[in-house]
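Asks: can't give you the sequence, but here's the structure:
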């Protein structure tokens, strides 16, 4: 089959690789009909996620048709399914609490030590996202083996096309959980750093949850325009001092809740962020947390911080004193996708949520290397890329 493979920083290629096979009784094999490039994939593309190996198949947002099942799979051949990017067993302590992205069993035992040493506990398995998270082949391919297929995929009705439901695989639940973790109350003022796909869905979700005002922060005009279309007020941080603007827009109090939808490669003009950029480029640092630091300083006293943005290691000059002295709450984590797929699918069916506005480009899988390059370089115009194998 054909699949997009990782070969190093800014080096991804569509190669011919072996077809996936059923390995465990709960497996299924999916023929991919649509797959997307995620902002988190750019961390792989930029070479800042450790434990990648040359030839790894990447991609974690995908859906398709079931073509083969193991004897204990709950799926049937011919069904259309969306597959969550988190791989979860459904039976461990954490899955029992619907904390699916903390699954204890989906990351193979032989590689659990990698994340356990870094984080204190082993992380769950993820599709196409390094050997720290299991080394599973990703979905930017013609076919994918789906472990625990009786737990993860959701069957979608025939009257919904791929583009209406594809983002149930990651970014729609991630944006929703990002807003949910902000504990939004009626008429709250919510500030969202980053108007990429997750940030835009966090804006949409915050407004659906009753926020009185959402303020979107970015510097790409195209993405700020999409935020406006969703109903947000916007701040271009290239043109405006963000903290000063937020204080003016909130009567000197600060936002009630803030959402960092940027993650480990945030932009910023502060000296510490410039140092983080240099450290990341030479491989002695992993995270640039400028957006998160700014959010902590901007949120009101007693406010809430949600952090759906991806981080992988350590950051310098973290404002720990502000977090404590202001009495702030912080919630974060990989998305518990399986928890949200069914209710969000229902909202799509009812016309309460639309995801198709985000798609800017549709390309065949063979053009994936060009798509990655443009998604990285032209973020104002390339807001979301959907690939068809």
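Replies: Now that the structure is in, tell me what you want to look at. Just so you know, these numbers come straight off a predicted model, no measurement behind them. Residues are numbered from 1 along each chain as shown.

Asks: in the protein, which segments are predicted with low confidence?
Replies: Applying pLDDT under 70 to the chain picks out residues 265-286.

Asks: residue closest to the middle of it?
Replies: For the chain, the residue sitting closest to the mean C-alpha position, by CA atoms, centre = their mean, is residue 171 at 5.2 Å.

Asks: Tell me the spacing between it and residue 36.
Replies: Between residue 171 and residue 36 the distance is 8 Å, computed by CB to CB, to the nearest Å. (C-beta placed from N, C-alpha, C; glycine too.)

Asks: what is in contact with these two at once?
Replies: residue 61 (CB atoms under 8 Å, 6 or more residues apart in numbering).

Asks: what does stretch 380-389 contact?
Replies: Applying CB under 8 Å, 6+ apart, the contact partners of stretch 380-389 are 2, 32-37, 140-142, 162-163, 166, 196-197, 200, 220-223, 226, 358-365, 367-368, 371, 374-375.

Asks: Show me this structure divided up by domain.
Replies: Domain assignment for the chain by automatic domain parsing gives 2-170+335-388, 172-332.

Asks: start to end distance for the first one?
Replies: Domain 2-170+335-388 has an end-to-end distance of 11 Å (criterion: CA to CA, to the nearest Å).

Asks: Kindly report the same for the last one.
Replies: Across its full length, domain 172-332 reaches 16 Å end to end, with CA to CA as the criterion.

Asks: Numbering from 630 from now on, please.
Replies: Renumbered: residue one is now 630, and that last one reads domain 801-961.

Asks: picking up where we left off before, what would the domains of the chain look like in JSON lines with mean neighbour count?
Replies: As requested, these are exported to JSON lines (neighbours: other CB atoms under 10 Å):
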{"stretch": "domain 631-799+964-1017", "mean neighbour count": "19"}
{"stretch": "domain 801-961", "mean neighbour count": "20"}
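
Asks: follow-up on the earlier one: enumerate every residue touching the residue lying closest to the residue nearest to the centre of the chain once chain neighbours are set aside.
Replies: With sequence-adjacent residues excluded and distances taken as CB to CB, 6 or more residues apart in numbering, residue 800 is closest to residue 826, at 4.6 Å. Residues near residue 826 by CB under 8 Å, 6+ apart: 667, 668, 796, 800, 804, 987, 1012, 1013.

Asks: give the contact list for the nearest residue to the last one once chain neighbours are set aside.
Replies: Yep, that's residue 1013 we're talking about. Distances taken as CB to CB, 6+ apart put residue 987 closest to residue 1013, at 4.5 Å, once the chain neighbours are dropped. Residues counted as contacts of residue 987 (CB under 8 Å, 6+ apart) are 796, 826, 829, 830, 855, 1012, 1013.

Asks: What about residue 987? Give its phi and psi, please.
Replies: Here is the backbone geometry of residue 987 (degrees, to the nearest 10): phi -80, psi -30.

Asks: Could you do residue 664 as well?
Replies: The phi/psi pair for residue 664 (degrees, to the nearest 10) is phi -150, psi 150.

Asks: so which strand or helix has the spatially closest residue to it that is not a sequence neighbour?
Replies: Nearest residue to residue 664, sequence neighbours excluded (CB to CB, 6+ apart): residue 691, at 4.0 Å. Taking DSSP states H and E as the definition, residue 691 sits inside strand 690-698.

Asks: after that strand, next one along is what?
Replies: Once the chain leaves strand 690-698, the next helix or strand it forms, by DSSP H and E, is strand 709-712.

Asks: Give me the helices and strands touching the helix or strand just after that following strand, please.
Replies: Remark: after strand 709-712, the chain's next helix or strand is strand 715-716, criterion DSSP H and E. Here strand 715-716 touches strand 754-755, going by 3 or more CB pairs under 8 Å, 6 or more residues apart in numbering; DSSP states H and E.
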